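>>> Just the structure for this:
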Amino acid sequence: MLPIIFILPLIQLLILSNAASFEVKNILFSYVDNDHSSSSRELISKFQASNYFKSVQSFPSKEAANQQMQTGNVDVILEIPLYFERDLVKEKKTKLSVSINAIDGAAAGVTNVYISQIIASFNQSLQTKLFQYEGSSLVPPQNIVTIPSFWYNNTLNYKTYMVPGILVLLVTMLTLFLSAMNIVREKEIGTLEQINVTPIKKHQFIIGKLFPFWVLGLVILTVGLIIAKVIFNVPMLGNIGLIYLFTSVYLLVILGIGLFISNHTETQQQAMFIAWFFTVVFILMSGLFTPIESMPQWAQNITLVNPIRYFVEIIRMVLLKGASFSDISRQFFIIVFYAIVLNGFAVWSYKKVN
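Next up is the predicted model:
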């Protein structure tokens, strides 16, 4: 139990924060150059200079490249057609063939964006060099320059986005599992019946069993925030007190769920399996790894009863955006309502012999 409480959160926060990335890197890139011109070599050199592609391999034919993609040695095949440069100069247009391994659809979409950006950059520089003369007069290239402004995460560091969400995950998992197994353990060893016949009130017993895990959840949050700031340099723009206020109520929701599970199970294994089932569903539908806006409407409606969703939202809003209480009041009062309802059901379902 002690390693689960103290060591597991540290290991998970350090490992998951570095491993759970939305970035797509080390893309296995290959090409088939049928033109062998200066323009085709310049295009290939742009892929070689990119940080997203791990290696650039040349194949004599598309069939050979396809075979390597079939075996998993290649992720992207760029085929440059014959007369590539000639068509650019004379026809002012040409076509490129790009094949992308799309088993992972999300990664394939990101890869396509990378490739499109490189080709667009190449096209712009080539137009500047080839098409700036019209007749006998020099026509200056008319280029539109876009200067993006990235708010809340100006370095586009995925850890800034992921670390707060993983911290929510750790606080939820530990408090839910420990609270779910706590009372059912009393059933297994036979001490629950002894407690039931004592004069202690039902609410006193429940508070005494769950209060330590409420405190433990706040301790885990504190340790996680320190690690997030010291190791990952996550910005903390908002009032940290709001995080603790929301967490204090949120933990009541999680402990209520744990108590409810414990009341309806007879062994710790049963409690663990049921708690894990709810945790997996809550995590996948919390917006932690996939945006809720990308889900179908029926799934978005289901997430409205997911407490993890609201915690993930407010911790990112407070830490990264500097949100105030008025900005998170809707999520806060929803969690207050869930805490009252779930704990009411949990206490009601706990049977004590008077």
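
>>> State the helix or strand in which the residue nearest to the spatial centre of the chain lies.
In the chain, the centroid-proximal residue (CA atoms, centre = their mean) is Phe289; its distance is 3.0 Å. According to DSSP states H and E, Phe289 maps onto no helix or strand at all.

>>> For it, what are phi and psi?
Main-chain dihedrals, Phe289, degrees, to the nearest 10: phi -110, psi -30.

>>> can you list the domain ranges for this protein.
If you go by automatic domain parsing, the domain ranges for the chain are 21-138, 154-349.

>>> pLDDT score assigned to the residue nearest to the centre of the chain?
Listed pLDDT for Phe289 reads 78.

>>> excluding its backbone neighbours, what's nearest His203?
Leaving aside its sequence neighbours, His203 sits nearest to Val347 (CB to CB, 6 or more residues apart in numbering; 6.8 Å). Where C-beta positions appear, they are placed from N, C-alpha and C, glycine not excepted.

>>> quick one, which of the domains of the chain is nearest to Leu10?
domain 154-349 (7.1 Å; CB to CB).

>>> ok now the closest one, how far from the chain's centre?
Domain 154-349 sits 17 Å away from the centroid of its parent chain (CA atoms, centre = their mean, to the nearest Å).

>>> now swap in stretch 120-127 and tell me
34 Å.

>>> Now it: buried residues?
122, 126 (16 or more other CB atoms under 10 Å).

>>> Relative to Phe246, how far out is Met317?
10 Å (CB to CB, to the nearest Å).

>>> er, Ala275 I mean
With CB to CB as the criterion, Ala275 and Phe246 are 22 Å apart.

>>> for Ile11, same thing?
From Ile11 to Phe246 the distance is 25 Å (CB to CB).

>>> who's more crowded, the two?
With neighbours defined as other CB atoms under 10 Å, Ile11 and Phe246 compare such that Phe246 has more, 21 against 10.

>>> quick one: contacts for the more buried one?
311, 314-315, 328, 331-332, 335 (CB atoms under 8 Å, 6 or more residues apart in numbering).

>>> Now do the strands in the stretch 151-300 of the chain.
With DSSP state E, counting those that start in this stretch, there are no strands along the stretch 151-300 of the chain.

>>> can you list residues touching both of Met317 and Phe246?
In contact with both Met317 and Phe246: Ile328, using CB under 8 Å, 6+ apart.

>>> helix or strand for Ser99, which one?
Element membership for Ser99, per DSSP H and E: strand 97-100.

>>> packing partners for the helix or strand that that strand is followed by?
On the C-terminal side of strand 97-100, the closest following helix or strand by DSSP H and E is helix 105-130. Other elements packing on helix 105-130 under the criterion 3 or more CB pairs under 8 Å, 6 or more residues apart in numbering; DSSP states H and E are helix 38-49, strand 76-80, helix 84-90, strand 97-100.

>>> how about a cut-off of 7 Å?
Under the contact criterion of 3 or more CB pairs under 7 Å, 6 or more residues apart in numbering; DSSP states H and E, helix 105-130 touches helix 38-49, helix 84-90, strand 97-100.

>>> Indicate which one of the ones you listed is closest to Gly190.
Gly190 lies closest, by CB to CB, to one member of the helices and strands packed on helix 105-130: strand 97-100, at 60.9 Å.

>>> my read: Val171 touches Leu221, true?
Yes: with contact defined as CB atoms under 7 Å, Val171 and Leu221 form a contacting pair (5.5 Å).

>>> what is in contact with the two at once?
Shared contacts of Val171 and Leu221, defined by CB atoms under 7 Å, 6 or more residues apart in numbering, are found at Thr247.

>>> Buried ones in stretch 68-78, by neighbour count?
Within stretch 68-78, the residues that count as buried by 16+ other CB under 10 Å are 68-69, 74-78.

>>> if we look at it, which residues are touching it?
Contacts of stretch 68-78 (CB under 7 Å, 6+ apart): 27-32, 57, 65, 96, 98-101, 111, 115.

>>> quick check, nearest of the residues you listed to Pro307?
Ranked by distance to Pro307 (CB to CB), the contacts of stretch 68-78 are led by Thr111 at 35.1 Å.

>>> mind listing what the closest one touches?
Thr111 sits next to 24, 27, 75-76, 100 when contact means CB under 7 Å, 6+ apart.
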